[in-house]
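**Q** The following comprises the amino acid sequence and a computationally predicted model.
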Amino acid sequence: MVPEEPVTMMRMRGQYRDDPGLGLGLGLGYTVFVLSLILPTFNEAESLPELLEEIETALHGTPFEVIIVDDDSPDRTWELAETLSENRPYVRVLRRMGRRGLSSAVVEGFSAAQGDVLAVMDSDGQHDPALLPRLYAAIQSGADIAIGSRYVSGGSVEGWAHARHFASFVATACAWLVCTNRVRDPMSGYFAVSRPVFADIRDKLRPRGFKILLEILGTMPRRSRVQEIPLIFRLRTRGSSKLNACVQTQFFRQMLSLLWRRSAWHIVFVCFSAVLCVLLGIRAWNLHLLYLDAGVRQQVRQSLESITEGKGWLMSDVALRHVRRDGFRFLYRRHGRGEDHTQCYDFFYSDGLQTCT
């Protein structure tokens with residue numbers, strides 16, 4: 001469940017739906033916002049002014065608000081956002097202090113939003129705001145969620161190295177395991193969702209890391225209406241990437257969490273089976289010469305018969321543990337009343353029988 005945070009934990013600037021001047025700053029002549037766009041930020045002061053201008057252009061004629069959710073950026077992105085909101089009545093600012101994480105920032109932004117269509121995009125300029133009207137229209141037309149997709153026809157990624165493409169493919173393939181609805185790009189950070197859908201799943205979300213869409217897709221009911229819209233993922237021109245080992249670790253933790261919630265018993269079975277296969281595999285490897293080499297098999301059999309006859313042991317009390325070209329290791333356990341004592345022996349064809357060291 002997403003924890004309810006006290007309002008005193010965040011500082012907010014901007015105007016709300018019940019403000020009669022809302023939206024008039026753009027000369028659009030409406031007072032009710034329909035599209036709520038969330039911009040999660042952390043050290044994005046360089047990108048923000050130009051991004052807001054692009055958003056204004058893209059959404060001209062569409063009722064909207066922008067909620068900037070900043071994780072108390074050291075470069076004071078929140079302060080710049082508050083300054084920008086002074087002459088942009090559609091902008092609100094949530095400054096989160098003591099909490100970080102893109103996913104939780106998006107959930108908080110959606111929860112504070114006033115619109116009927118909830119959208120999110122990166123604030124670093126890699127997502128093209130020109131796609132926003134199509135995401136908005138998809139939800140208005142009945143889709144539960146609309147995704148800006150890099151991997152449908154017409155979508156692409158600019159300037160990635162082959163290694164980055166491969167890593168993205170592997171992560172996407174892993175993400176398909178937990179999605180209740182199959183989509184081509186479950187790792188996208190650019191999407192819109194209807195307010196009723198978000199309201200239905202909000203308390204089931206466990207937001208962590210950067211991939212909030214994956215969390216939503218893993219929580220939504222099966223056969224939800226999902227629409228993917230081609231996205232050209234642009235090169236970052238300002239700021240620095242947030243992708244690091246910590247983010248990758250959070251992704252795999254999120255994957256395990258979603259898998260567990262969807263099918264806990266299946267996960268237990270898979271894990272048990274994996275451990276069993278590893279143990280059996282190790283044992284099979286230690287004895288592989290016995291299975292693959294008839295000469296070794298004959299030599300081991302004759303040596304064991306000689307040892308057991310000489311010691312007066314039963315063959316059934318001997319258990320092979322490791323077979324080598326120069327000999328083998330076995331355990332002798334005499335079964336009788338009371339405690340059974342087990343002894344380990346190494347037999348070398350050149351030196352004879354020795355106690356294990």
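**A** It's in.

**Q** For the rest of this, base every contact and every neighbour count on C-alpha atoms.
**A** Fine.

**Q** residue contacts, the residue in the chain sticking out farthest from the centre?
**A** Relative to the centre of the chain, the most outlying C-alpha is that of residue 310, 62.1 Å out, by CA atoms, centre = their mean. Shown in contact with residue 310 (CA atoms under 8 Å, 6 or more residues apart in numbering): no residues.

**Q** gap between the host helix or strand of it and the chain center?
**A** Assigned by DSSP states H and E, residue 310 belongs to helix 294-311. Centre-to-centre, helix 294-311 and its host chain are 55 Å apart (CA atoms, centre = their mean, to the nearest Å).

**Q** What of stretch 316-323?
**A** Centroid displacement of stretch 316-323 relative to its chain, using CA atoms, centre = their mean, is 46 Å.

**Q** If you count neighbours, what's buried in that stretch?
**A** When burial is assessed from 16 or more other CA atoms under 10 Å, stretch 316-323 yields the following buried residues: 318, 320, 321, 322, 323.

**Q** what about that stretch, average pLDDT?
**A** Across stretch 316-323, the average pLDDT comes to 88.

**Q** now do stretch 341-357
**A** The model assigns stretch 341-357 a mean pLDDT of 88.

**Q** Residues touching that stretch, excluding its own?
**A** 326, 327, 328, 329, 330, 331, 332, 333, 334.

**Q** ok, back up a step: make a markdown table from the buried residues of stretch 316-323 and add secondary structure and distance to residue 218 to it.
**A** Shown next, in a markdown table, are the buried residues of stretch 316-323 (DSSP: H, G, I helix; E, B strand; the rest coil; distance: CA to CA, whole Å):
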| residue | secondary structure | distance to residue 218 |
| --- | --- | --- |
| 318 | strand | 52 |
| 320 | strand | 48 |
| 321 | strand | 45 |
| 322 | strand | 46 |
| 323 | strand | 48 |
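
**Q** Using PDB, list the CA coordinates for the helix holding residue 310.
**A** Backbone C-alpha positions of helix 294-311 (Å, rounded to 0.1, in the frame of the first residue of the first chain) are rendered in PDB as follows:
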ATOM      1  CA  ALA A 294      32.900 -47.700 -19.700                       C
ATOM      2  CA  GLY A 295      36.600 -48.400 -18.800                       C
ATOM      3  CA  VAL A 296      36.400 -46.100 -15.700                       C
ATOM      4  CA  ARG A 297      33.000 -47.700 -14.800                       C
ATOM      5  CA  GLN A 298      34.500 -51.200 -14.900                       C
ATOM      6  CA  GLN A 299      37.600 -50.200 -13.000                       C
ATOM      7  CA  VAL A 300      35.500 -48.600 -10.200                       C
ATOM      8  CA  ARG A 301      33.300 -51.600 -10.000                       C
ATOM      9  CA  GLN A 302      36.200 -54.000  -9.600                       C
ATOM     10  CA  SER A 303      38.000 -51.900  -7.100                       C
ATOM     11  CA  LEU A 304      34.800 -51.500  -4.900                       C
ATOM     12  CA  GLU A 305      34.200 -55.300  -5.000                       C
ATOM     13  CA  SER A 306      37.800 -55.900  -3.900                       C
ATOM     14  CA  ILE A 307      37.600 -53.300  -1.000                       C
ATOM     15  CA  THR A 308      34.200 -54.500   0.300                       C
ATOM     16  CA  GLU A 309      35.300 -58.200   0.200                       C
ATOM     17  CA  GLY A 310      38.600 -57.400   2.000                       C
ATOM     18  CA  LYS A 311      36.900 -55.300   4.700                       C
END
